[in-house]
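Participant: Dropping the sequence and predicted coords here.
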Amino acid sequence: MEIIQRERKSTYEVYVAADGMEFRTAEECKKYEESANGVVMAKVRPMVIKEITEEDIFGFGSCDNTVWVAKPATQEDADTILQAIIVLNPHLTKDDYKHITERQRVLVQRALDENDFIFISRGYEMDCFWLIGTRNSMKETLDGFTKTDEQA
C-alpha cells in the first residue's frame with residue numbers, strides 16, 4: 001500500500017467593510033459598517049499609508065499584531081483619529097484615564113503639527129486602536145535611552 005498526500009483548496013466569500021474588517025455574512029458586515037466603530041474607522045482608513053506587522057516594522061513584537069502607519073493631513077483627520085481612540089476605548093472617557101487620553105491627543109496633534117507619521121496598534125484581530133507614537137517621538141525615546149550621563 002502506498003500513502004500519498006493531496007492538497008485540497010477551497011474558496012469562500014468574505015464580506016469586507018470599508019476599514020478592512022472581514023465578516024462571514026453580509027448582515028454582520030452591514031451592521032458593523034453602520035455602527036460608530038465602522039463609521040469612524042472608514043474615515044481613518046484613507047489616512048493609512050501602510051499596514052504591516054509589529055515584527056516587520058519594529059524588528060520585534062508579534063507577527064500576528066497589525067500596525068497601521070497613518071499620516072493625518074488636516075485638523076479634521078487628527079480629530080477623526082481621536083474619535084477612533086474613544087470609540088474603541090470607551091473607558092478613556094472616565095476621569096481615571098484623562099492622563100492617557102491627553103497623551104494620545106498630544107501624539108495626534110504632534111503628528112499633524114510636524115507633518116509626521118503616527119503608528120497605530122490594531123492588535124491581533126484588528127480589534128484595538130492604540131497610538132504607539134509618532135516617528136519623531138519614537139526616535140526621541142530611543143535617543144533618550146542611549147544618552148550617557150555626560151550627555152544628559
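Facilitator: Sure, I can see it. Numbers count the residues shown, from 1 in each chain.

Participant: Shouldn't residue 45 be within a helix?
Facilitator: Yes: residue state for residue 45 (DSSP: H, G, I helix; E, B strand; the rest coil) corresponds to a helix.

Participant: so is the closest residue to it other than its chain neighbours in a helix, a strand, or just coil?
Facilitator: Leaving aside its sequence neighbours, residue 45 sits nearest to residue 19 (CB to CB, 6 or more residues apart in numbering; 4.7 Å). In short, each C-beta sits where N, CA and C put it, glycine included. Following three-state DSSP, the label given to residue 19 is coil.

Participant: Could you check how many residues crowd around residue 19?
Facilitator: Residues contacting residue 19 under the criterion other CB atoms under 10 Å number 22.

Participant: contacting residues around it?
Facilitator: 38, 41-42, 44-45 (CB atoms under 8 Å, 6 or more residues apart in numbering).

Participant: How much space separates residue 39 from residue 21?
Facilitator: 13 Å (CB to CB, to the nearest Å).

Participant: So which of those two has more stuff around it?
Facilitator: Under the neighbour definition other CB under 10 Å, residue 39 and residue 21 were set side by side, and residue 21 has more, 20 against 16.

Participant: Return the per-residue confidence for that one.
Facilitator: Note on residue 21: pLDDT of 82.

Participant: Filter the contacts of residue 19 down to the buried ones.
Facilitator: Using 16 or more other CB atoms under 10 Å as the burial test, those include 38, 41, 44 as buried.

Participant: now those in TSV, with pLDDT?
Facilitator: Shown next, in TSV, are the buried ones among the contacts of residue 19 (pLDDT from 0 to 100):
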residue	pLDDT
38	86
41	90
44	95
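
Participant: Quick check: of the residues you listed, which lies closest to residue 149?
Facilitator: Of all the buried ones among the contacts of residue 19, residue 44 has the smallest distance to residue 149: 42.1 Å, by CB to CB.

Participant: Once you drop chain neighbours, what's closest to the closest one?
Facilitator: residue 84 is the one closest to residue 44 (CB to CB, 6+ apart), at 5.2 Å.
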